[in-house]
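Q: sequence isn't available, so here's the structure alone:
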């Protein structure tokens, strides 16, 4: 299944926050699913980071994930695909 996470859901997953339900976390972490985040979420995250609204551990994890993100040129709006699996 293809999953499109909004900015909050993505950040909650990265932070291992209890705000993301167990069912949602399981879906994101399932190897059977492809995960996507809108490029607009990247802008939102950059704004939050510039305002100091992201804790260092989240910023570090986002940088780590960034090395595995692949921009997909085909869909509109543009999406980033990443794998939560190392």
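A: Sure, I can see it. Keep in mind that this is a model prediction, so the values were computed, not measured.

Q: okay, buried residues for stretch 52-66 please.
A: Within stretch 52-66, the residues that qualify as buried are 54, 58, 61-62, 65, counting by 16 or more other CB atoms under 10 Å. In this view, the C-beta of every residue, glycine as well, is placed from N, C-alpha and C.

Q: residue nearest the centroid of this structure?
A: residue 10 (3.8 Å; CA atoms, centre = their mean).

Q: for the helix or strand hosting it, packing partners?
A: Using DSSP states H and E, residue 10 falls within helix 7-14. On a contact count with 3 or more CB pairs under 8 Å, 6 or more residues apart in numbering; DSSP states H and E, helix 7-14 meets helix 22-29, strand 34-38, helix 39-50, helix 56-66.

Q: next one: residue 46 from residue 8, what distance?
A: 15 Å (CB to CB, to the nearest Å).

Q: ugh, wrong one, I meant residue 15
A: 10 Å.

Q: higher neighbour count, those two?
A: residue 15 (16 against 13; other CB atoms under 10 Å).

Q: backbone dihedrals for that one, both of them.
A: As for residue 15, its main-chain torsions (degrees, to the nearest 10) stand at phi -80, psi 0.

Q: for it, what are its contacts?
A: Going by CB atoms under 8 Å, 6 or more residues apart in numbering, residue 15 touches 55, 57-58, 61.

Q: tell me the spacing between it and residue 40.
A: 20 Å.

Q: same thing with residue 7?
A: 8 Å.

Q: what comes up buried for stretch 8-20?
A: 9-15, 20.

Q: for residue 36, state which of the residues you listed is nearest.
A: residue 10 (9.6 Å; CB to CB).

Q: low-confidence stretches in this structure?
A: 59, 65-86 (pLDDT under 70).

Q: please redo it, this time with the cut-off set to 90
A: Along the chain, the parts satisfying pLDDT under 90 run over 1-7, 10-11, 13-17, 28-31, 33-86.

Q: doesn't residue 4 belong to a helix?
A: No. Looking at residue 4 with DSSP: H, G, I helix; E, B strand; the rest coil, it is strand, so not inside a helix.

Q: the closest residue to it other than its chain neighbours pairs with what?
A: Nearest residue to residue 4, sequence neighbours excluded (CB to CB, 6 or more residues apart in numbering): residue 36, at 4.9 Å. Beta-bridge partners for residue 36, by DSSP bridges, are residue 4, residue 81.
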